[in-house]
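J.: build me a structure from this.
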Amino acid sequence: MIGDPAQFEAIGNRLGFRVVEKSPEKLKLHWQGPRFPAFLCLGIALLLLFVSVPIVLALLLRGFVGPASSLWYFPLMNLVLFGISFFLVTQRRTIEVDGTSGQVTLQRLSLYRATVLKVSFAEIERVAVGNDQVSSGFAVGGSTAAQTFPVPALRLIFSDGENVLLDRGSLRRLRDLAKLVSERVRKPLEVDPLAENPRSANPNQARPA
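T.: Down below sits the predicted model:
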């Protein structure tokens, strides 16, 4: 194995890979980042341009002694929002299962780095669909710790006991995706009974190893 499986854990609840290439020996999946928050930040930044452009012009003409000097933070907010939206848009993940080379390759791309994990079929013990316990939010202002809830997850379980997250989403979609992966890596598929009935799962249970 080349790479660190922990680098591919998702902060958000769900991912949602889509199949971009499928053949008897090869499967390629693609995830194009969190588009909604990216376009939300971009929309707010574009709206703020109507305020920021006149402020920048006023600052260029009169410096920080004019009436616009107290509004200098609007252009700065614009730059920050444009930076955040560009960063979110450039987030991408790909999963490639190649039967010819006998490898599974996970790639995570962002604005400033690329992370790669390569695993041979021989290192994979099984393909598993189970539940990840995902936090519902953060504790704020001295409130109790955030609660967790189960989210169906698809993972590769390795012979040494480690695992890597492939995708999170609806159980039905993950079952179909797990079947495609299992057939190509030629490893057994395991579906956790708790994933079928998440209400019976312990809400404080840690994610499966």
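
J.: rest of the way, CA atoms for contacts and neighbours
T.: Will do.

J.: and residue 168, backbone torsions?
T.: Note on residue 168: backbone dihedrals following degrees, to the nearest 10 are phi -130, psi 150.

J.: in contact with it: list those residues for me.
T.: By CA atoms under 8 Å, 6 or more residues apart in numbering, residue 168 lies in contact with 13-16, 151-154, 174.

J.: which residues touch residue 41?
T.: 81-82, 84-85.

J.: tabulate the residues you listed (JSON lines), appending pLDDT and neighbour count.
T.: Compiled in JSON lines, the contacts of residue 41 are given as follows (pLDDT from 0 to 100; neighbours: other CA atoms under 10 Å):
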{"residue": "81", "pLDDT": "88", "neighbour count": "21"}
{"residue": "82", "pLDDT": "87", "neighbour count": "19"}
{"residue": "84", "pLDDT": "86", "neighbour count": "16"}
{"residue": "85", "pLDDT": "85", "neighbour count": "22"}
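
J.: I'd guess residue 132 is in a strand, am I close?
T.: Yes. Under DSSP: H, G, I helix; E, B strand; the rest coil, residue 132 sits within a strand.

J.: my guess is it meets residue 152, correct?
T.: Yes. Between residue 132 and residue 152 there is a contact under CA atoms under 8 Å: 6.3 Å.
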